[in-house]
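>>> Build me a structure from this.
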Amino acid sequence: MSGDNPFASSGEDYNAPNNRGDGTVQARSSMDYLEAFGKVFENSNWFINALVVGLVNYIPIIGAIVVIGFSVTIVHEKSIGRTNSYPDFDLNKFGEYLIRGFWMFLTGLLFGLCLAPLAVILAIVPMGLQASGSDTLAVFGTLFLFVVLLIASMLANLAALPLILRAGLTCSFSEAFDFAWVKDFVSKMWLDQILGMIILSIISWFVLLVGFVALCVGIIPAIGVVTIAYWNYITQLYQVYIGRGGQPISYRDSGSL
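Residues are numbered from 1 along each chain as shown. Next comes the predicted model:
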């Protein structure tokens with residue numbers, strides 16, 4: 001019940017099942033960051049889902065890939081109104097999650113490699129400033145580079161999210177790099193992305209702290225709660241983007257590849 005849920009939202013339920021069955025993404029007009037966590041506990045199997053997601057994360061190499069593959073199905077199922085909370089983690093779909101997550105991982109990896117030269121430059125320049133012998137130049141130069149790095153990291157995060165989201169929903173590496181769509185997404189959603197990253201980071205810190213205090217083993221379901229909440233937030237971003245006139249992503253079943 002909502003009275004037992006500290007994150008429950010009293011606003012409109014944008015994720016009520018639409019029963020249309022046509023796969024249409026349901027638009028929403030605004031973000032509700034607390035709802036991202038509140039929806040985690042509206043699933044009757046929330047603890048099992050959180051525990052399984054947390055445990056799978058610990059599987060070497062493929063664990064994180066499977067989790068993001070499952071997570072993007074949350075975006076799809078919720079955004080078209082097929083579920084009011086989110087789908088359960090289905091071990092029978094482990095392979096499907098792995099395939100979908102692989103394309104997301106590969107897209108993120110390539111995007112990160114493209115940014116590697118910038119990271120190298122920002123690492124080398126401070127050493128050059130230190131070797132110049134001028135303390136003033138070294139201090140101000142390092143501060144300037146820190147600001148540049150901060151801005152570059154923020155822009156990279158803003159762009160990486162829609163890229164990875166496209167890779168997961170389309171189950172395709174090539175279709176992920178639709179830069180016109182990515183630019184449109186960021187231009188419409190950049191402020192919500194920044195606010196979301198800040199707010200979710202703060203709440204997630206407390207959730208993980210509670211999990212750690214709970215005999216340490218509580219950190220496993222806490223990781224699951226944070227993961228599911230994050231992708232509930234991504235679902236909201238996607239739906240608000242559609243509500244602002246954005247173009248939906250064509251979902252592709254991994255079994256059709």
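>>> CA atoms for contacts and neighbours, from now on please.
Fine.
>>> Quick check: closest non-adjacent residue to residue 218.
residue 211 (4.1 Å; C-alpha to C-alpha, 6 or more residues apart in numbering).
>>> thought that neighbour was touching residue 217?
Yes: look at residue 211 against residue 217 with C-alpha atoms under 8 Å: they come within range, at 7.2 Å.
>>> What mean pLDDT does the helix or strand hosting residue 75 get?
Per DSSP states H and E: residue 75 is located in helix 62-79. Averaged over helix 62-79, pLDDT sits at 96.
>>> helices or strands up against it?
helix 46-57, helix 94-131, helix 135-170, helix 219-243 (3 or more C-alpha pairs under 8 Å, 6 or more residues apart in numbering; DSSP states H and E).
>>> Report the buried residues of that helix.
Across helix 62-79, burial judged by 16 or more other C-alpha atoms under 10 Å covers 63-79.
>>> which residues are in contact with it?
By C-alpha atoms under 8 Å, 6 or more residues apart in numbering, the residues outside helix 62-79 that reach it are 15, 25-27, 53, 56-58, 83-87, 89, 94, 96-102, 104-105, 165, 168-169, 227-228, 231-232, 234-236, 238-239, 251.
>>> Would you mind getting the angle between that helix and helix 46-57?
In terms of direction (axes from the mean of the first three to the mean of the last three C-alpha atoms, to 10 degrees), helix 62-79 departs from helix 46-57 by 140 degrees.
>>> quick one: low-confidence ranges for this protein?
Applying pLDDT under 70 to the chain flags the ranges 1-22, 118-119, 121-123, 125-142, 144-146, 215-216, 254-257.
>>> let's go with 80 and repeat that
The chain contains residues with pLDDT under 80 at 1-23, 114-154, 214-217, 254-257.
>>> Counting neighbours around each, name which of residue 211 and residue 217 comes out higher.
With neighbours defined as other C-alpha atoms under 10 Å, residue 211 and residue 217 compare such that residue 211 has more, 19 against 11.
>>> how near is the more buried one to residue 41?
15 Å (C-alpha to C-alpha, to the nearest Å).
>>> on that earlier part again, just the buried ones from the contacts of helix 62-79?
Among these, the ones that count as buried by 16+ other C-alpha under 10 Å are 15, 25-27, 53, 56-57, 83-87, 89, 96-102, 104-105, 165, 168-169, 227-228, 231-232, 234-236, 238-239.
>>> Setting aside sequence neighbours, what's the nearest residue to residue 212?
Spatially, and ignoring its direct neighbours in sequence, residue 212 is nearest to residue 219 (4.8 Å; C-alpha to C-alpha, 6+ apart).
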